[in-house]
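A.B. asks: Any chance you could fold what I've pasted below:
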Amino acid sequence: MADRKPIELAEGWSFMEQKGIQKLIRLLEGEPEDQFNAEQYMHLYTTIYNMCTQKPPHDYSEQLYSKYRDAFNKYINEKVLPSLREHRDEVLLKELYQRWGNHKLMVRWLSRFFNYLDRYYVLRHSLHPLKDVGLLCFKDLVYVEIKKRTKDGVLLLVEKEREGELVDRALVKNILGIFIELGMSNMDCYEKDFEEYLLTETSAFYRRKASQWIEQDSCPDYMLKAEECLRLEEERVDNYLHATTRNKLLKEVETELLSNYETRLLTKEHSGCAALLRDDKTEDLARMYRLFQRIPKGLDPVADIFKEHVDSEGMKLVKEAVELAKEKQAKTGPSRDTGTSAEQQYVRAVIDLHDKYLQYVSTCFCNSSLFHKSLKEAFENFVNKSVAGSTSAELMASFCDNLLKKGGSEKLSDEAIEETLEKVVKLLAYVSDKDMFAEFYRKKLSRRLLQDKSASDDHERSLLSRLKQQCGAQFTSKMEGMVTDLQLAKEKQQHFDDWLKKGSKLPIDLSVTVLTTGFWPTYKSIDVALPREMVEGVEVYRSYYDSDSKHRKLTWIYTLGTAVLRGNFDSKPIEMQMNTLQAALCMLLNDVDELSYGEIQERLRLPDDDLQRLLHSLVCAKYKIIKKDPDGKSIGKSDKFAFNNRFTDKMRRIKIPLPPLDEKKKVMEDVDKDRRYAIDAAIVRIMKSRKVLQHQTLVMEVIQQLQRMFKPDLKLIKKRIEDLIQREYLERDKDNPTLFKYLA
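C.D. replies: Numbering: from 1, shown residues only. Take a look at the predicted model:
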């Protein structure tokens, strides 16, 4: 081994060139040549090994590294570049892909022959590995020259595909693979030499298309095309572009097709967003949402149009309801009842409208919070408009009353009632005067409970629990107390009946409902002189109650009581159900044939208004069980009254109603009073914690605290502040009149 003769550079390289490099080139060029066998491979590898391990000056590592590069450069200049220069477009791409494949094969074989250089010389001198040298030769000589033509060829194929032609996707993918590989572990070549141009071309292509489509297509057709284009571009990325191009490419398409034409597209006269909403084109609306959510703030104009549409649909309902009410008023005169069919239809229509557009928000607009907000604002706008002098709060309370009372006009199954109640509670969220709803609802609930008109306790409790969830425990505490009161009253009556059996006897059947003052609406207490039989019942119950409940005072509300009297008329006896006061008046005529207005008033001790109302219900209404002299439709103070023994009716049992009082005014007064208390409490609460506060800040905080229940009036807040200053809860700063201080 020691005597081995050194291999000279010229001799060694000549052997490598003839037996290795030239043979490899002939193989790559497809000329007749045998493949390398193991012996030939070993001989070539050993030659390089020996030339690199000889002692200086015969260590030719540096020269061999240089000649390795020269071999590639020579092959590229002699064979590769001439073949590429004579082709264009797709043919060029195919030739380039073939040449690239050959070049990689050459790199693989030569780097194996020269492998010893890689292991020692390259590492020791921190040079490019042999594989990279081969790729760099291709990049410096081939890529630099043909990258523009290659890029143009690829972009031509992409455009052809966009126009609907079939192209060789595998070829495009392979060519782009060359751009990526020549980046040598970064994406510079792909991004700078191809992607930038692709994005510019894409933008120009879709700009041309969009300018044509916006003129000739309807909004739904345009959106279909836009959606299809975006789908195809995504497919393009999956098929042959690099994954990093996806977002950049789609952004260009979105800008040209959607951002630049959004306003024109959404406001197209017969097919824009408003028209799609008007014609219930849910599929197109869902597509619109999918497309415009892709662009920044793209959904804002859609949400605005949606809000305007819902608002205008709601205002139509308000207008219709107002016109219906006017027509009805022209025919029958003003109505005190807000539970009439027109009002019921209005609330039902609002519920249906809410259902419809809530469905749109969940299906077409993917439950987007932006569209929930638009729906809320639209409903808040029109739901708080008054309809024929009635607020929505009042109408909703009447609607619930109609649902829950016996014999209501809504004939629904239990499930449907529950569902409708849930929808009403959802609507209540949009009503600004929730306290008004609470007061009206409480009035109507009290009537249902006291007159035994409630169809189902379960439904009553169900609605209360929903209201509690929506508006808080304070909102429903009184109403829940009313329902509980009635339950306790039934138990109390049972105790009373048992107590009666043990001793006292009564000439009449007596049933008493004991209520807790704080829970129920305030009722007018009339100190009426009752007939002897009724007085006896009252006294017996009072002695029972005093023995059962100490330290509690009973106040009798006769206006809410009912009595059943038997009328012995000439034709037949008839049972009559009436108000306690009506019964007291009728019983006066048991002992006398005739009484004057003055005598009745003296005996009952009733004010004129109440007495006129009572007499009217028994003399001039449907059931004329009392006759008057002279005859007529109004009650005069000089009239005389007598039992009408000739009265008859086909029924054996009749119910004689008392004309209803206008409760609306009373409810409004109660609500105003409660609001004053609520504002006072809020001001004191805020000032107690803050001690010193500017007028404007105080007003804003009061509004913020109270807006869940009602919208406080600024003038009223100002008045309440002045009142609290007078009552020495607050004081004005001496130097700054807009600054308030809390007085402990």
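
A.B. asks: Sketch out the low-pLDDT regions of the stretch 151-300 of the chain for me.
C.D. replies: The stretch 151-300 of the chain contains no residues with pLDDT under 70.

A.B. asks: just the helices in the stretch 251-400 of the chain please.
C.D. replies: Here the stretch 251-400 of the chain has its helices, by DSSP state H, counting those that start in this stretch, at 262-266, 273-278, 282-292, 299-332, 341-363, 369-383, 392-404.

A.B. asks: Also the stretch 1-150 of the chain?
C.D. replies: 9-15, 23-28, 38-53, 61-75, 81-85, 89-113, 115-116, 123-125, 130-138, 144-162.

A.B. asks: And for E163, the neighbour number?
C.D. replies: Using other CB atoms under 10 Å as the criterion, E163 is surrounded by 9 other residues. From N, CA and C alone the C-beta is placed, and that goes for glycine too.

A.B. asks: nope, D629 is what I was after
C.D. replies: Neighbours around D629, by other CB under 10 Å: 12.

A.B. asks: List the residues that contact it.
C.D. replies: 594, 639-642 (CB atoms under 8 Å, 6 or more residues apart in numbering).

A.B. asks: residue ranges with poor pLDDT in this structure?
C.D. replies: 1-4, 329-340, 408-410, 661-663, 744.

A.B. asks: Just the ones of the contacts of D629 in strands?
C.D. replies: 594, 640-642 (DSSP state E).

A.B. asks: Please report which of those has the highest neighbour count.
C.D. replies: F641 (22 neighbours).

A.B. asks: where's it relative to L658, distance?
C.D. replies: F641 sits at a distance of 17 Å from L658 (criterion: CB to CB, to the nearest Å).

A.B. asks: Same question for R676.
C.D. replies: According to CB to CB, R676 and L658 sit 32 Å apart.

A.B. asks: Between those two, which has more neighbouring residues?
C.D. replies: Neighbour comparison, R676 and L658: the larger count goes to L658, with 19 against 14 (by other CB under 10 Å).

A.B. asks: Phi first, then psi, for the closest residue in space to that one that isn't next to it in sequence.
C.D. replies: Spatial nearest neighbour of L658, excluding adjacent residues (CB to CB, 6 or more residues apart in numbering): N579 at 4.7 Å. Main-chain torsions, N579, degrees, to the nearest 10: phi -70, psi 150.

A.B. asks: show me what contacts N579?
C.D. replies: Counting by CB under 8 Å, 6+ apart, N579 makes contact with 559, 561-563, 614, 656, 658.

A.B. asks: So which of these wins on neighbours?
C.D. replies: Of the contacts of N579, with other CB under 10 Å as the count, L614 tops at 24 neighbours.

A.B. asks: correct me, but it touches L585?
C.D. replies: Yes. Counting by CB atoms under 8 Å, L585 is a contact partner of L614 at 5.4 Å.

A.B. asks: buried ones in stretch 169-179?
C.D. replies: 171-172, 174-176, 178-179 (16 or more other CB atoms under 10 Å).

A.B. asks: Which members of the residues you listed are positioned in helices?
C.D. replies: Assigned to helices by DSSP state H, the following of the buried residues of stretch 169-179 qualify: 171-172, 174-176, 178-179.

A.B. asks: I417 touches L403, doesn't it?
C.D. replies: Yes. Contact status for I417 versus L403: in contact at 5.8 Å, counting by CB under 8 Å.

A.B. asks: gap between Y430 and M436?
C.D. replies: 14 Å.

A.B. asks: So which of the two has more stuff around it?
C.D. replies: Neighbours were tallied for Y430 and for M436 using other CB under 10 Å; the higher tally belongs to M436 (25 against 20).

A.B. asks: could you dump the helices of the stretch 251-400 of the chain to JSON lines with distance to H58 and mean neighbour count?
C.D. replies: Shown next, in JSON lines, are the helices of the stretch 251-400 of the chain (distance: least, CB to CB, whole Å; neighbours: other CB atoms under 10 Å):
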{"stretch": "helix 262-266", "distance to H58": "76", "mean neighbour count": "17"}
{"stretch": "helix 273-278", "distance to H58": "84", "mean neighbour count": "20"}
{"stretch": "helix 282-292", "distance to H58": "73", "mean neighbour count": "19"}
{"stretch": "helix 299-332", "distance to H58": "77", "mean neighbour count": "17"}
{"stretch": "helix 341-363", "distance to H58": "83", "mean neighbour count": "18"}
{"stretch": "helix 369-383", "distance to H58": "80", "mean neighbour count": "19"}
{"stretch": "helix 392-404", "distance to H58": "104", "mean neighbour count": "25"}
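
A.B. asks: what's the closest of those helices to E163?
C.D. replies: helix 282-292 (22.3 Å; CB to CB).

A.B. asks: how about that closest one as PDB, C-alpha atoms only?
C.D. replies: Output of helix 282-292 as PDB, limited to C-alpha atoms (Å, rounded to 0.1, in the frame of the first residue of the first chain):
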ATOM      1  CA  THR A 282     -83.200  32.100   2.000                       C
ATOM      2  CA  GLU A 283     -80.700  30.100   0.000                       C
ATOM      3  CA  ASP A 284     -79.400  33.200  -1.700                       C
ATOM      4  CA  LEU A 285     -79.200  35.100   1.600                       C
ATOM      5  CA  ALA A 286     -77.200  32.200   3.100                       C
ATOM      6  CA  ARG A 287     -74.800  32.500   0.100                       C
ATOM      7  CA  MET A 288     -74.600  36.200   0.600                       C
ATOM      8  CA  TYR A 289     -73.600  35.700   4.200                       C
ATOM      9  CA  ARG A 290     -71.000  33.000   3.300                       C
ATOM     10  CA  LEU A 291     -69.400  35.300   0.600                       C
ATOM     11  CA  PHE A 292     -69.400  38.600   2.500                       C
END
